[in-house]
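Student: Structure, please.
(4 chains)
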Amino acid sequence: MPGFGIIKGLKETARNFFGSYHDPGRFVTIQYPEEKREHHENYRSFPFLVYDGDPVKGLRCVSCKICEKECPPQCIYIVPEQDGSGKLLKFPRIFDIDVSVCMGCQICVEVCPFDSIKMDQEFEVSTADRFGGLILNRSKLAKSNEYYHQIRPAEATAVDAQLAAERERQQAKAAAAKSPAPAAAATREKKP
Amino acid sequence: METLPQLKTRLAAAFPKARLEIVPNGSPGNPDSLWVDAASGLKVAGFLKNDAALQLDFLSNVTGLDWLDKTVTEKVRVKREFKGQEIEVDEILEKIVPGYLEVVYHFYSTPLRHGPLVLRMRTENRTDRTHLPSLVPLYRSAEFQEREIYDLYGVIFDGHPDLRRLLMWEGFADHPMRKDYCEPDDYEYEPTPHGALLEKARRHYPREAAHG
Amino acid sequence: MDQALISELKRQGVITIGLETLYNWGRSNSIWPLGFGLACCAIEMIAASMARFDLARFGAEVFRPSPRQADLMIVAGTVTKKMAPQVVRLYNQMPEPKYVIAMGACAISGGPFKQGYNVLKGVDRFLPVDVHIPGCPPRPEALIHALMTLQRIISGQKLTGPDRPRHLRTDAPAEYPVPTHGAHDLEPARNSSLWRPLKITREA
Amino acid sequence: MVDFAQPENAFKPGLPGAAEPACRVVPKYSDQGEREGDWLEISMGPQHPSTHGVFRMDLVLEGETVIRLKPVFGYLHRNHEKIAEQTTYLSSMPYTDRLDYFCSMTNNWAYALAVEKLAGLQVPERAEYIRIITAELTRLQNHACLMGFLMQDLGAMGTPLMYAFREREKILDLFEALSGARMMCNYMRFGGCRIDLPPGWLEQTRRLVADFPRFLDEFEALLTGNEIVMARLQGVGALSRELAINAGISGPMLRASGVNYDIRKVDQYGIYNRFEFRVPLGAHGDCYDRFMLRLLEMRESLRILEPALKDIPSGPIIDARAKLRNFKPRPGEAYGRIEAPKGELGFYLVSDGSANPYRYRVRPPSLINLTILEDLCLGQKVADVVIILGSVDIVLGEVDR
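Tutor: Numbers count the residues shown, from 1 in each chain, chains lettered A, B, ... in the order given. The predicted structure follows:
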């Protein structure tokens, strides 16, 4: 019968329409500014730098420039700190990320050997100021390890455990290097 | 599908005038390709399409490639006159191997479900003799892909029904996918320059970028 | 009217409102965007207008197919040099007051594709942009956030005085010159009256 | 042997190998009608609500009948191939997301497959399963959205698209939980996948797959029997089998014309040979067949997903030999292709032994599927052009790259 298909379709739209009042499966709208969806832990937006303790001195970044080199759209800019004699220190003096170019691909996080750059979950960054608001410098990028724990608990715990193990290993190595020396000193003391 | 050397023998028998050569593929597990000269390219493609054992009726992919002029150094032993005597000395000769544009075709067969057969054709040089036969009379699928290669590489396909630029605008002068293409300079605002980008940005703000 | 009188009138059931507030309220709550998708971000723009994010709650769900009926141009995606003249032309065809949101990294600065030979490094080389949304692509919520930012900007505008918005000033142009396609690049490659890049100075 | 190089032999019917011109409808004009003033030239696009992005068609109309149509590309030419030649192999992975921005997972897979072929990497079993699951989820959301957009082109403003996006959001939530981003997943790596599945992900996906048929039933009830849909889609834009093969059409469009060629079956890449699924084929090759075929393909995708979600083994997700940095494959070339939702997506890579590919070529199914757009539209009404374009299923990011 002509017209039957249309009636069948209208029945379906009616079911959807009335369902949107009582069927929880059809309550899909998120009332955004008031109600915010819980992001999954893996959600990523832009990179940030993790610090432990002090926001400047505690930065994990050693300014090795691997992320700068691997960043596909080349939106990272790093200048290492120098001491008085011009020797490069393992600390970034300038660390800029141009978020107006960043594509949030997470490759900087993957290649970082020191777990110092991580992905943020902040996305409400729209601004009228193109030049001032979208280049994040070192102080804007630095965020605490506690914040990292807050947005990605599981990953941050794993990273902490790994870093602790690494430190322990280095301490053990340093102790192993040091321990013969006191022993030698002790023998020397005994001699006279 | 028969192996490439077998096919080459069969093709050589069918087209005695054609120049055929197997181009080895350095990557293991991937098929070698067959290089055919431009003059007999269309005939060979017609053979591939209509041969009962091949039936390569599906031209999947057409790719352009740009090979720049190469300088090859060669050590040759030459005779020279030295203090009235003739001696043999080693001499290093620098030879420029002219570059060329290459077009690579990937054929498949829908009834026999085999493939790919990789066919390549090369132009004589990169500047003025860049003609190749168009495969559009045999395969419509080459229509846009050849237009794209004409646009981005500058290969002129003889026999193409509608050879215009595909992606860039009419009146654009360059062939941007060529390796020696120089892009227009619009690097006046590069807040995070490094590497090759720094060199380009340096022209616009030499003082700021100099220390980076 | 002083504040005491207003609150007294309000107590008595009379709502008073300034013309400026009313005008700005009307403008900011009926921003009709141009249905204009360029690339990936356009899909997130469509997603923002769909059931889950529901742009209609902000009075901005009426995507107009014609620029003559639109107030807001959401530049959602990569602006290529081949497309740039059309983008400028569409902007010129929009009636005042008109606003531009540069959605996504590509529209702001060329984004990941900015090193391409056919990619315009930011739509602000040819158009005045009101709000920038970084992200690639920004989430639909980020677009809504940008819309709210724009609404805040609009409701804060003064209708008189030197700070009045662009469309009430006579010296600000309503149309911008459309670039043409040259042999190697757009001609001109940028609108120099509009595009004033920040001089980058770093402490040496 | 016919010499095909001779121009007079080209495009002639009856000759073996010549393109079949039967589809090219030749319009008849009266003597007066041939005057140029009676023809209407329309430039549809690049900003047009129905062109799915920035696509332009230059139409010549006689009355309402299309007598010429020339597609114009390049308005979204973002130089993907050139940029990829200037960066490392890994850096191109996030760019592939932006090719066909509906289907980033399948784009990732096609590129990873080509590099794996080039470098001889093996993919662990668990990663293969994850790839199949994500690819089929991608196919589901792509086809659902395509049908929504097609209905939008028909004039059903909003409703079917709204339903399709409702389902798409559910799949995007899964992608976000897995990879961190809704659309641009950047999830696969050479020799496997980036990270393992988060806890509870499989359970959520199983629930989605179990619920999805309900949506499909709803969609079918809404659309397939609808008289308007049938009247507008049936018999419009028919594509013959011969022309489809000759023009390199791939994917659902090729199968709608009755050619049994699904790369999942032909190449059996990944581990598709372990799953049982049917390849739906069309009989007429018209818009309705293309529409129905995608609906049927979604049901088959669900048939792949169910066992895949059940049998997924545990184990590593990336080849131990795979390197993230300093990845330099041996000189050579490889062509990897997969059955993407739009058709055959291929990556042709030429390596010269350095860290950047010497040549990086994308075989875009959307572009090549548009080859026959003029043939399909000739003789049709101008309103049907929109529908035919919609049923081809293009994404401009991939057409222009």
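Student: Quick one: residues in contact with stretch D:274-290.
Tutor: Identification of contacts with stretch D:274-290 by CB atoms under 8 Å, 6 or more residues apart in numbering or on different chains yields D:132, D:229-230, D:232-241, D:244, D:252-253, D:255-260, D:262, D:264-265, D:292-293, D:296-297, D:300-301, D:303-304, D:307-308, D:387-388, D:391-393. All C-beta atoms are positioned from the backbone trio N, CA, C, and that covers glycine.
Student: typed the wrong thing, it's stretch A:136-145
Tutor: So stretch A:136-145 is contacted by A:46-52, A:55-56, A:59, A:92, A:94-99, A:120, A:156, A:160 (CB under 8 Å, 6+ apart).
Student: ok, the residue in the stretch 51-200 of chain D that chain B sits nearest to - contacts?
Tutor: Going by CB to the nearest CB, chain B is nearest to residue D:74 of the stretch 51-200 of chain D, at 3.8 Å. By CB under 8 Å, 6+ apart, residue D:74 lies in contact with B:165-169, C:80, C:82, C:118, D:400.
Student: center of the chain - which residue?
Tutor: Using chain A here. Nearest residue to the geometric centre of chain A (CA atoms, centre = their mean): residue A:118, 1.6 Å.
Student: Chain D is the one I meant
Tutor: For chain D, residue D:342 is the residue whose C-alpha lies nearest the centre (CA atoms, centre = their mean; 1.1 Å).
Student: From chain B, how far out is it?
Tutor: 14 Å (CB to the nearest CB, to the nearest Å).
Student: ok, back up a step: what's the distance between the residue of the stretch 51-200 of chain D closest to chain B and chain A?
Tutor: Going from residue D:74 to chain A by CB to the nearest CB gives 22 Å.
Student: give me every residue that touches the residue of the stretch 301-401 of chain D found nearest chain B.
Tutor: For the stretch 301-401 of chain D and chain B, the shortest gap (CB to the nearest CB) falls at residue D:332, measuring 2.6 Å. Residue D:332 makes contacts with B:25-28, B:30, D:118, D:350-351, as judged by CB under 8 Å, 6+ apart.
Student: filter the contacts of stretch A:136-145 by proximity to chain B?
Tutor: Restricting these to those near chain B by CB under 8 Å from any CB of the partner chain leaves A:96-98.
Student: Tell me which of the contacts of residue D:332 fall in strands.
Tutor: When DSSP state E is applied, the contacts of residue D:332 are split such that D:350-351 fall in strands.
Student: can you name the two of the contacts of residue D:332 that are farthest apart?
Tutor: B:28 and D:350 (15.3 Å; CB to CB).
Student: between those two, which one's more packed in?
Tutor: The neighbour comparison of residue B:28 against residue D:350 (other CB atoms under 10 Å in any protein chain shown) goes to residue D:350, with 22 against 11.
Student: so the more buried one bridges to which residues?
Tutor: residue D:333, residue D:359 (DSSP bridges).
Student: do you know how far it is from residue B:81?
Tutor: According to CB to CB, to the nearest Å, residue D:350 stands 47 Å off from residue B:81.
Student: can you check residue C:195 too?
Tutor: Counting by CB to CB, the gap from residue C:195 to residue B:81 is 68 Å.
Student: which one of the two has more residues nearby?
Tutor: Higher neighbour count among residue C:195 and residue B:81: residue C:195, with 18 against 8, using other CB under 10 Å.
Student: contacting residues around that one?
Tutor: C:124-126 are the contacts of residue C:195 under CB under 8 Å, 6+ apart.
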